[in-house]
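> Mind looking at a prediction? Sequence and model below.
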Amino acid sequence: MKYIHLGILLGIFFFTACAGTKTATNPNAISDEVSASAEKISAENDSEKIDIEKSKTEISSSSEMEKSSSSSVVGFDSAEKIPEPKKSQPMDSSKTQNISTEKLPEENENVRVQNVADIYVEIPRLAQEALSRADSFYVAGNLDSAAVIVEKFSVLNPLWNEWQHQAQSLSEKIQTNRTAKASELERTFIDLVNANARRADYADVKIITDAIAESSPNDSLKNFADSLLQLAYARTFQKVKSERDSALALAKEKANFDFAEQKISELIRRYPDYIDTLNLQNAILKIAAMRQENASVSADYWKTHDPQKILAEAKKFAQNKKWNEAKSAYQKLKTSNLRGDALRGIEEIENAYCQEKRQKATQLFAESRNKKSNAQEKLQKAIAELDACLEFAPDFKDRKTVLENKNFLQAEIK
């Protein structure tokens, strides 16, 4: 009997002594070093973040093409809001959920762990049940059956040693893999910081942040990577906008439509993320419209005519207040390599012409207040002066004011 009790005590001692294995490394410690580096680097980017945010708040929302050739030099509203990158960003892990109908191992990890029996619960339970049965056999006087159960604990001893060896080997492999992943993640973050330092384009930075997202970093690292991605998006937005405006200015100022169209097409190829936000396709249409307008005068015309001479004539007409002749000359110059000078000249004579007409309208209105004059006739003439301005300069910058003045004069007519 004492041997049976001794075997039971040894079995219990054996299982309680061998139940533990080497404690695994805390997963949250993998990226601690990277987190510390990220916080340090984040401070170095504060000034750039402030600049980007300042530019975003100063820019009002508009991305429409210009409605006339005299509004914006580049054909777009210069106040364009920097939009946020598309929501399908690398930090959004949901983008991988529909890749396959078969769940990936990482996605099912928690479910599998819940379904697998807990060895720290099940093994002691089975051992205790076995020992309880052995004790029951012993109490009942069935010593042979009790002895068979107790002897099995001795048989399990070498198996348990093998299981411990396998668990230790697997633990070492897990730790090695974690270390490798942490090292790889750190290198990727260094690549991200370097890309930000050299002001890399958004597409290049996005490739790196996609790789970081696949490594499942903690929230702090994800937020840091996302902040650098936002900076890259805003930087590239300003860069592409500047190049687009430069191409449109080239078409508008120099009538170099082929090269301008080539530059816009190159932007569309290199920066697909900004095709919609910066209306790059509309820029192509704008250049085509300017090309069509330019085709109204044969290219052969300028082989026999000097644009500089025509420009001098236009300026002389304007000085002599021969507005129609000046405008006609400037319109012709819009098809030459002096297109920019022509556009500015048209704006100048339209402003001068309208100022002259508005002054006359003001004078006629003042005369209509004289009781000895024909007020109705004076008012009609004043309105005619304003109509002349609106007809000659349909894109006059103060057109709204002219229309308000006209409406006022019409209300004065009884």
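Perfect, I can see it now. Numbering: from 1, shown residues only.

> Do you know the pLDDT at the closest residue to Ser215 other than its chain neighbours?
Closest residue to Ser215 apart from its sequence neighbours, by Cβ to Cβ, 6 or more residues apart in numbering: Leu185 at 4.8 Å. Heads up, the C-betas are built off the backbone N, CA and C, glycines and all. We note a pLDDT of 87 for Leu185 in this prediction.

> same question, the one 4 residues further on
The predicted local distance difference test score for Phe189 is 89.

> surely it meets Lys222?
No. Counting by Cβ atoms under 8 Å, Phe189 stays clear of Lys222, with 11.2 Å between them.

> okay, and the common contacts of those two?
Residues touching both Phe189 and Lys222 (Cβ atoms under 8 Å, 6 or more residues apart in numbering) are Ile212.

> out of these two, which sits in the busier spot?
It is Phe189, of Phe189 and Lys222, that has more neighbours when counted by other Cβ atoms under 10 Å, with 25 against 19.

> Would you mind measuring from the more buried one to Ala203?
Distance of Phe189 to Ala203, given as Cβ to Cβ, to the nearest Å: 19 Å.

> For Leu338, what are phi and psi?
phi -110, psi 30 (degrees, to the nearest 10).

> So what's the residue count around the spatially closest residue to it that is not a sequence neighbour?
Setting aside the residues directly before and after it, Leu338 is nearest to Pro307 in space (Cβ to Cβ, 6+ apart), at 4.6 Å. Pro307 has 18 neighbours, counted by other Cβ under 10 Å.

> for Phe153, same thing?
Counted with other Cβ under 10 Å, residues neighbouring Phe153 total 20.

> For the helix or strand hosting it, which helices and strands make contact with it?
Using DSSP states H and E, Phe153 sits within helix 143-197. Other helices and strands packing on helix 143-197, by 3 or more Cβ pairs under 8 Å, 6 or more residues apart in numbering; DSSP states H and E, are helix 2-18, helix 32-44, helix 119-139, helix 202-214, helix 219-254.

> and that helix, how far out from the chain's middle?
42 Å (Cα atoms, centre = their mean, to the nearest Å).

> Stretch 193-202 too?
15 Å.

> still on that earlier bit, kindly present the helices and strands packed on helix 143-197 as CSV, with separate columns for mean pLDDT.
Compiled in CSV, these are given as follows (pLDDT from 0 to 100):
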stretch, mean pLDDT
helix 2-18, 38
helix 32-44, 51
helix 119-139, 89
helix 202-214, 90
helix 219-254, 89
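
> Kindly reformat these as a markdown table containing distance to Asn194.
Listed next are the helices and strands packed on helix 143-197 as a markdown table, based on distance: least, Cβ to Cβ, whole Å:
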| stretch | distance to Asn194 |
| --- | --- |
| helix 2-18 | 50 |
| helix 32-44 | 10 |
| helix 119-139 | 46 |
| helix 202-214 | 9 |
| helix 219-254 | 11 |
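
> which one of those lies closest to Ile287?
helix 219-254 (4.9 Å; Cβ to Cβ).

> what's downstream of the closest one, the next helix or strand?
Next along from helix 219-254, by DSSP H and E: helix 257-270.

> outside of that next one, which residues touch it?
240, 243-244, 246-248, 250-251, 274-275, 280-281, 283-284, 287-288, 290-291, 294.

> go with 10 Å
201, 203, 236, 239-241, 243-244, 246-254, 256, 274-275, 278, 280-284, 286-288, 290-292, 294-295 (Cβ atoms under 10 Å, 6 or more residues apart in numbering).

> That one versus helix 202-214: what angle between them?
0 degrees (axes from the mean of the first three to the mean of the last three Cα atoms, to 10 degrees).

> excluding its backbone neighbours, what's nearest Thr236?
Counting by Cβ to Cβ, 6+ apart, the residue nearest Thr236 is Tyr202, at 4.0 Å.

> Could you verify my assumption that that neighbour touches Tyr233?
Yes. Counting by Cβ atoms under 10 Å, Tyr202 does reach Tyr233; the two are 4.8 Å apart.

> what is in contact with these two at once?
Pro85, Asp273, Tyr274.

> Find the nearest non-adjacent residue to Ala314, please.
Ala329 (3.6 Å).

> Reduced to three states, what does that neighbour come out as?
Look at Ala329: counting by DSSP: H, G, I helix; E, B strand; the rest coil, its state is helix.

> Output the below-cut-off pLDDT ranges for the stretch 251-400 of the chain.
Where the stretch 251-400 of the chain drops to pLDDT under 70, the residues are 295-300, 371-373.

> Can you show me the strands along it?
In the stretch 251-400 of the chain, no strands are defined using DSSP state E, counting those that start in this stretch.

> Could you measure from Phe365 over to Arg399?
19 Å.

> let me redo that: Phe137
The separation that Phe137 has from Arg399, given Cβ to Cβ, amounts to 108 Å.

> Please say which of those two ends up with more neighbours.
Phe137 (19 against 14).

> what residues are up against that one?
Phe137 makes contact with Ile4, Leu143, Asp144, Ser145, Ala146, Ala147, Val148, Ile149, Val150 under the criterion Cβ under 10 Å, 6+ apart.

> Pick the one among those residues closest to Glu347.
Once Cβ to Cβ is applied, the member of the contacts of Phe137 that ends up nearest Glu347 is Ile149, at 104.8 Å.

> That closest one contacts Asp135, correct?
Yes. Ile149 is within contact range of Asp135, at 9.2 Å (criterion: Cβ under 10 Å).

> more crowded one of these two?
Using other Cβ under 10 Å, the more surrounded residue of Ile149 and Asp135 is Ile149, with 22 against 16.

> Nearest residue to Thr383 in space, please, no chain neighbours.
For the record, residue 383 is Ile, not Thr. Distance criterion Cβ to Cβ, 6+ apart; nearest residue to Ile383, sequence neighbours excluded, is Leu409 at 5.0 Å.

> What is the neighbour count of that neighbour?
Leu409, neighbours per other Cβ under 10 Å, totals 22.

> Ser216 versus that one, what's the distance?
Leu409 is 73 Å from Ser216, by Cβ to Cβ.

> again, but for Trp323
71 Å.

> Quick check, pLDDT for the residue positioned nearest the centre of the chain.
The centroid of the chain falls nearest to Pro85 when counting by Cα atoms, centre = their mean (2.3 Å). pLDDT recorded at Pro85 is 70.
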